[in-house]
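1. Structure for the following, please:
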Amino acid sequence: MSTKLKKIRNIGIIAHIDAGKTTITERILYYTGRVHRMGEVHDGEATMDWMLEEKERGITITSAVTSCNWRGHNINIIDTPGHVDFTIEVERSLRVLDGAIGVFSAVEGVEPQSETVWHQADRYRVPKIAFINKMDRIGSDFTRTLEMIRDRLGANPLVLQLPWGKEERFTGVIDLLKMKAIFWEEETLGAEYEEVEVPADYKEDAIKYRERMLETLAEYDDELMEKYLSEQDIGIDEIKAVIRSSTVRLKVVPILCGSALRNKGIQPLLDFIVDFLPSPLDVPPVTGHHPDTGREESRPALEKGPFTALAFKVMMDQGRKMTYVRIYSGTIRAGATTYNPGKKAREKLARLLKMHSNKRERIEQASAGDIIAVMGLKLTTTGDTLCDEGNPILLEPIEFNEPVISMALEPKRVQDQDRLMGSLAKLSEEDPTFKYRIDEETGQTVISGMGELHLDIIVGRIKREFFVDTNRGKPQVVYRETISRAVEEDAVFQKELAGQQHMAGVRIRVSPLPRGRGNRFVDSCEHPDLTEEFLSAIREGVDEEAASGVVMGYPVIDVEVRLLDVTIHEIYTDQMAFKVASAMAFRAACQKANPLLLEPIMLAEILLPEEFMGEVIGDLNTRQGKVEQIASKGPTQVITATVPLSKMFGLSLRPCPCLRCSGIPPPSDP
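-> Model (predicted):
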């Protein structure tokens, strides 16, 4: 077993915006000696928020990679954004991480984006630790946050620490493993701390929660169960071993607490990262398939195994392409040539870099378990696999969300048009959720992204990094179309073009599919003369017509098209005729199938004092919003509502992604 791999922790810090992710990362770097001064987010001096836009806005926009050492272990950390517009940064980070720390504000509890990123981690089966932050804030509530973790996230929380005091009286934490209270010296900025006996007024709660902890762990380990039932002494090392195995198997989520801004609770968090989150050896081998045979392949974490890595992030650094990769197996040296099976191309690894936010350190080699940046990869994009050409494997790619908002963009000076298009190409390669196109009808350049803030950041970067001043058009929501009932339709195309007769007929049935299923084409035709070329032309005609829509020209989604029959003339039938006939049949069928226009519906959570309740609800009603729930969090009221995205422009809310679309009737005058 590799000692190096055993002592690696690849973790991410995930949460809703403003929960304290970057502040926690700053403290981790300070206490591990990686930096010698703690930067504060509100001062624009956080190490991990290095972009100018991040410093100005006080939020994380792009995920940043760094590493530090604690108790002889190398911890690679990715600090991720909390804003929904940049959820792709969380998605691609979780794809390559072995563990995660979910940060929750003790005041707000589990917020909408916390749910999103938590379930993203669940999808990739990433073991997690939960850190309940801001215990010193007015309105903090450890117990309520604990219940929200259980109810909203479906997690099995294992409380390992209790808060010692709350709000302005928050002193430290009570460690249920050692049954000690810990408080931090303010004079040393929390670098020094002391363990003391549990205060008498917390003794009863500590005993109760420790018993509950042991009961939970006993369910997952027979030996511990036997000792617990026979009331034998159970050592801390035994408890830690069971906590680790249960956490790695996603059976429990260890719960810690503290106040990162007040420098309390970070060192125990580091201990728990080392003790309970997995090394590359603890997680299942990464799997993929052979690009030629389709046979399933796996790559265990071995430094001497065949080289296998995943490119999970692309950045433009001073005009040059820098690619972040996670190495799963093998060892690679700077200057070596690797193979991209998706692009079927060889790529040269010109330079290998170890990253600390935006600072870099050149290294000569990297091996399994490492997260590094590479210069020199020309064709590789986000989600591509890199491997040995002699042992090819194609790993599962990263899924990206489709843009939900668009705006027109043009340079202020005509001579900057080429520079604008070049900058858009580079930014779209860096961010797969950002897309651009030239509108064929208007000739406008249209950019699309995940929200107003996303596009605002893009436009700001175009000006700062590429020196192009632009004019913006009004944001436009990206709608979709679908149908609400099944319809059969046939169409025959028969026409003479350029002296040549063309004739073909098709009969299809269109039917709606559940949201998110995409379009499906099914061949149920048994005509003996239907060749593969004709079938391909029919499918192509349907796809092209679906892309242009039948209500307002937006793409048609979630529709099954079943080919029932075809009409073939032995002389005049060709591929072009079938392509036109299938397009005609699809459009006619959709028009009869009660077509619907789909628009993005966003889930908004609004925190406000009670005296403003009526005014806010009235504003939501004018925006066609629907109030789902009203709850109290201490002196604050929380309104949960669904609002059409088109009505949210200019609203200073933090939107979160909605996993559903709402069907609305098509306009009477398209």
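2. Run through this protein and note the low-pLDDT ranges.
-> 1-2, 39-52, 54-55, 57-58, 440-442, 475, 634-635, 650-670 (pLDDT under 70).
3. Residue nearest the middle of it, spatially speaking?
-> Nearest to the geometric centre of the chain sits Glu91, at 2.4 Å (C-alpha atoms, centre = their mean).
4. Next, count neighbours for Cys417.
-> If you look again at residue 417, you'll see it is Gln, not Cys. Gln417 is flanked by 13 other residues according to other C-beta atoms under 10 Å. Placement of C-beta: from N, CA and C, glycine included.
5. Ala408 now?
-> Counted by other C-beta under 10 Å, the residues lying close to Ala408 total 17.
6. for the stretch 401-550 of the chain, what spans make up the strands?
-> In the stretch 401-550 of the chain, the segments counted as strands under DSSP state E, counting those that start in this stretch are 405-411, 435-438, 445-449, 470-472, 476-477, 480-482, 487-497, 500-512, 520-523.
7. since we're on Val477, how many residues are nearby?
-> 16.
8. Kindly report the same for the one 4 residues further on.
-> Burial of Glu481, expressed as a neighbour count using other C-beta under 10 Å, amounts to 24.
9. any idea how far Asp558 is from it?
-> To Asp558, Glu481 is 10 Å away according to C-beta to C-beta, to the nearest Å.
10. one step back: packing partners of the helix or strand in which the residue nearest to the centre of the chain is found?
-> Under the criterion of DSSP states H and E, Glu91 resides in helix 87-94. Judged by 3 or more C-beta pairs under 8 Å, 6 or more residues apart in numbering; DSSP states H and E, helix 87-94 is in contact with strand 8-14, helix 112-123, strand 308-317.
11. relative orientation of it and helix 112-123 in degrees?
-> 30 degrees (axes from the mean of the first three to the mean of the last three C-alpha atoms, to 10 degrees).
12. For helix 87-94, what is the distance to the chain centroid?
-> 3 Å (C-alpha atoms, centre = their mean, to the nearest Å).
13. what are the phi and psi angles of Ala593?
-> Main-chain torsions, Ala593, degrees, to the nearest 10: phi -100, psi 30.
14. Once you drop chain neighbours, what's closest to it?
-> Leaving aside its sequence neighbours, Ala593 sits nearest to Ile483 (C-beta to C-beta, 6 or more residues apart in numbering; 3.7 Å).
15. how close does that neighbour get to Val65?
-> For Ile483 relative to Val65 (C-beta to C-beta), the value is 45 Å.
16. neighbour-wise, which of the two wins?
-> Applying other C-beta under 10 Å to Ile483 and Val65 shows that Ile483 carries more neighbours, namely 26 against 22.
17. My guess is that one contacts Phe586. True?
-> No: applying C-beta atoms under 8 Å as the test, Ile483 and Phe586 come out as separate, 10.5 Å apart.
18. Help me confirm that the residue nearest to the centre of the chain comes into contact with Gln120.
-> Yes: the pair Glu91 / Gln120 is scored as a contact, 5.8 Å apart, by C-beta under 8 Å.
19. Give the full set of residues in contact with the closest residue to Gly330 other than its chain neighbours.
-> Distance criterion C-beta to C-beta, 6+ apart; nearest residue to Gly330, sequence neighbours excluded, is Phe307 at 3.3 Å. Shown in contact with Phe307 (C-beta atoms under 8 Å, 6 or more residues apart in numbering): Ile327, Ser329, Gly330, Thr331, Ile332, Thr338, Leu386, Cys387, Asp388, Asn391.
20. Go through these and name the one nearest Gly258.
-> Of all the contacts of Phe307, Ile327 has the smallest distance to Gly258: 32.7 Å, by C-beta to C-beta.
21. Report the secondary structure element holding the closest one.
-> Using DSSP H and E, Ile327 falls within strand 320-329.
22. Which strands border that strand, and is each parallel or antiparallel?
-> Strand 320-329 has the following strand partners under DSSP bridges: strand 308-317 (antiparallel), strand 371-375 (antiparallel).
23. ok, and for stretch 416-424, which residues are buried?
-> Neighbour-count burial for stretch 416-424, counted by 16 or more other C-beta atoms under 10 Å, picks out Asp416, Leu420, Ser423, Leu424.
24. oh sorry, the question was meant for stretch 233-251
-> Residues of stretch 233-251 classed as buried by neighbour count (16+ other C-beta under 10 Å): Ile234, Ile239, Lys240, Ala241, Val242, Ile243, Arg244, Ser245, Ser246, Thr247, Val248, Lys251.
25. Quote the end-to-end distance of stretch 9-22.
-> Stretch 9-22 has an end-to-end distance of 18 Å (C-alpha to C-alpha, to the nearest Å).
26. which residue of the chain sits farthest from its center?
-> Largest centroid distance in the chain under C-alpha atoms, centre = their mean is Gly499 at 55.5 Å.
27. for it, phi and psi?
-> Dihedral pair for Gly499: phi 80, psi 10, per degrees, to the nearest 10.
28. hang on, the earlier thing: quick check, nearest of the buried residues of stretch 416-424 to Glu115?
-> For the buried residues of stretch 416-424, the minimum distance to Glu115 (C-beta to C-beta) is 32.5 Å, reached by Leu424.
29. and the closest one, how far is that from Arg144?
-> Relative to Arg144, Leu424 is positioned 46 Å away (C-beta to C-beta).
30. Also Ala408?
-> On the measure of C-beta to C-beta, Ala408 and Arg144 end up 46 Å apart.
31. from what I can see Phe400 touches Lys435, true?
-> No: Phe400 lies out of contact with Lys435 (C-beta under 8 Å); the separation is 9.9 Å.
32. number of nearby residues for Leu349?
-> Leu349 has 22 neighbours, counted by other C-beta under 10 Å.
33. residue contacts, it?
-> For Leu349, the contacting residues are Ile332, Arg333, Ala334, Gly335, Ala336, Thr337, Thr338, Val374, Gly376, Leu377, by C-beta under 8 Å, 6+ apart.
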